[in-house]
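Novice: what shape does this take:
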Amino acid sequence: MRRLAVVLSLALTLHLNAAELGLFEGHGDIGGPKRSGSVQVTPDGDAYTVAGGGTNMWFAEDAFHFVWKKVSGDVTLAADITLENSGGDPHRKACLLIRQSLDADSSYADAALHADGLTSLQYRAAKGERTYEIQSGVTGPKRLRIEKRGRYVSMSITGKDGELVPAGGSFRLDLAEPFYVGLGVCAHNNDALEKAVFSRVELTSGGAPAGGKPRLISTLETVPLASKDRRVVWTTGDLIEAPNWTPDGASLVFNSKGRLHRIAAAGGLPQPIDTGFATRCNNDHGISPDGTTLVISDQSQADRKSRIYTLPIAGGTPKLITEAAPSYWHGWSPDGRTLAYCAERNGEFDIYTIPAEGGAETRLTSAKGLDDGPDYTADGVWIYFNSDRSGTMQVWRMHADGSGQEQVTRDEFNNWFPHPSPDGKWLVFLSYDKEVKGHPENKDVTLRVMPLGGGETEVLAKLFGGQGTINVPSWSPDSKRLAFVSYQLIP
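Specialist: Prediction:
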């Protein structure tokens, strides 16, 4: 009876106030807050003052006041947002929402501005599931925009110049049409009623004009294994790839435009690393276990074939390790003595090892097909890699000397770049749909994690990415977080 009463209330609200709601069609409480919310619209329709109660918009259900319109297709909603009242719960929030239904446990996405300045893209991927978020690195922007393009939802925020810029990060949200878009306020306290003013509200529907070339956005992100709530470290219009975590946990190293760069893991501006003559570095690079040395795969020689080099962590002149090419680094043994890599020799891509100081290479795999992405376990006993020798790309493992090769995953995906965690408990890898060949860029991919000791595979993140997302080891040294790169193509 309670749900029926809520539905009847929403229907009555729509009938009485549709003509007075400007861009929207109806409003009402979601999830039965103790105190009823409301909306007031200025005569010119430029500003909406929304009052909302409710305990939270999180976990598996929500309670808030919602001002909405039904739409289909691609949609964007933008507004300047001001939370009234200097008191109240610091987690009270004003949101721009895209929502499947008016049920409290509906799938949804929102661009949420919290009273303490936290700005995040929150989402519940399916009805009744828990909520996750992508936290922006910017606190308290004046204006927000939520965007749905195809299967992906993203957020933009005002930059220093006052213009809207991508906040970084996006996620897949499959919605049946029509769905709801609108404004929401949650008090984060069921005994309270809080207000927010949404001004200069803009609601647009439809895709981008045909013929325009999309603009690439790269976002360096981290995700904790425990919460799976993503955090934006840095967003750029340049192509960036393949983050490594420094052993002290303070910095991340990535490649862009043939160079390596370092950025604080907490965020900031990246700084270039001097790699001398090596100015065509690809996304196969890493850091020695003791943190003193970088390893790179570079294509600066005349034949433009990748070779492996090492150099000091602070930068300097690279030292050639592999004479033969192409060679692509992927793993460093935990004792620091050996490098593991993928190399093409006589038309076959296999896995090799070589002393970290240089010397003769040792071939570890010889099966027909592609063997790639080798990375060591923390105890140095196993090398995990990906191979298509069974028909699709799956995760395999072998002893460090190449013996005992065995298949680890057997599922409907193509699985690439397995990376064991430093604590020896987890394995992360990148999964493409079964019809995708190779590891191309700009695809729907999933970051998945499984216990090394056996157990269920879990989803860390669903994103737009692929090549460049996690080609190389990207665990934090405490094994609690993973760094990766996601991408967007913006009209």
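
Novice: start and end of stretch 374-390, how far apart?
Specialist: The first and last residues of stretch 374-390 sit 17 Å apart, counting by Cα to Cα, to the nearest Å.

Novice: no, scratch that, I was asking about stretch 332-343
Specialist: By Cα to Cα, the extent of stretch 332-343 from end to end equals 15 Å.

Novice: chain center to that stretch, what's the gap?
Specialist: With Cα atoms, centre = their mean, to the nearest Å as the basis, stretch 332-343 stands 28 Å off its chain's centre.

Novice: in that stretch, which residues are buried?
Specialist: By 16 or more other Cβ atoms under 10 Å, the buried positions in stretch 332-343 come out as 332-334, 338-343. Yep, even glycine has a C-beta here, placed from its N, CA and C like the rest.

Novice: who are the neighbours in contact with the residue nearest to residue 37 when sequence neighbours are not counted?
Specialist: Of all residues not flanking residue 37 in the chain, residue 65 sits nearest, at 2.7 Å (Cβ to Cβ, 6 or more residues apart in numbering). The contact partners of residue 65, by Cβ atoms under 8 Å, 6 or more residues apart in numbering, come to 27-30, 33, 36-39, 50-54, 184-186.

Novice: if we go to 10 Å?
Specialist: Neighbouring residues of residue 65 by Cβ atoms under 10 Å, 6 or more residues apart in numbering: 27-31, 33, 35-39, 50-54, 183-187, 193-196.

Novice: which of the buried residues of stretch 332-343 fall in strands?
Specialist: Applying DSSP state E to the buried residues of stretch 332-343, the entries found in strands are 332, 338-343.

Novice: among the contacts of residue 65, which are in helices?
Specialist: Assignment to helices by DSSP state H places none of these there.

Novice: among those, name the buried ones.
Specialist: Buried subset of the contacts of residue 65 (neighbour count, 16+ other Cβ under 10 Å): 27-31, 33, 35, 37-39, 50-54, 183-187, 193-196.

Novice: name the element the residue nearest to residue 37 belongs to?
Specialist: Secondary structure from DSSP states H and E places residue 65 in strand 64-71.

Novice: likewise for residue 244?
Specialist: Going by DSSP H and E, residue 244 is in strand 241-245.

Novice: just checking, what packs against that strand?
Specialist: If you count contacts as 3 or more Cβ pairs under 10 Å, 6 or more residues apart in numbering; DSSP states H and E, strand 241-245 packs onto strand 215-224, strand 251-256, strand 259-264, strand 286-287, strand 481-490.

Novice: given the second one, what are its sheet partners and their directions?
Specialist: This means strand 251-256. Sheet pairing for strand 251-256, assigned by DSSP bridges, gives strand 241-245 (antiparallel), strand 259-264 (antiparallel).

Novice: for the fourth one, same thing?
Specialist: The strands that strand 286-287 pairs with in its sheet are strand 293-298 (antiparallel) (by DSSP bridges).

Novice: by how many degrees do the next helix or strand after the partner strand and strand 293-298 diverge?
Specialist: Using DSSP H and E, the next helix or strand after strand 293-298 towards the C-terminus is strand 307-312. Per axes from the mean of the first three to the mean of the last three Cα atoms, to 10 degrees, the angle that strand 307-312 makes with strand 293-298 is 150 degrees.

Novice: so which of the buried ones among the contacts of residue 65 sit within strands?
Specialist: Among those, the members found in strands (DSSP E) are 27-30, 38-39, 50-52, 183-186, 194-196.

Novice: which ones are touching residue 228?
Specialist: 130, 132-133, 447, 449, 458-461.

Novice: and which of the residues you listed is nearest residue 377?
Specialist: Nearest to residue 377 out of those is residue 449 (Cβ to Cβ; 14.8 Å).

Novice: what's opposite that closest one in the beta bridge?
Specialist: Bridge pairing for residue 449 (DSSP bridges) gives the partners residue 428, residue 458.

Novice: so what pLDDT did it get?
Specialist: At residue 449, the pLDDT value in this model is 98.

Novice: that one: what's it in contact with?
Specialist: Contacts for residue 449 (Cβ under 10 Å, 6+ apart) come out as 223, 225, 228, 419, 421, 425-429, 456-461, 482.
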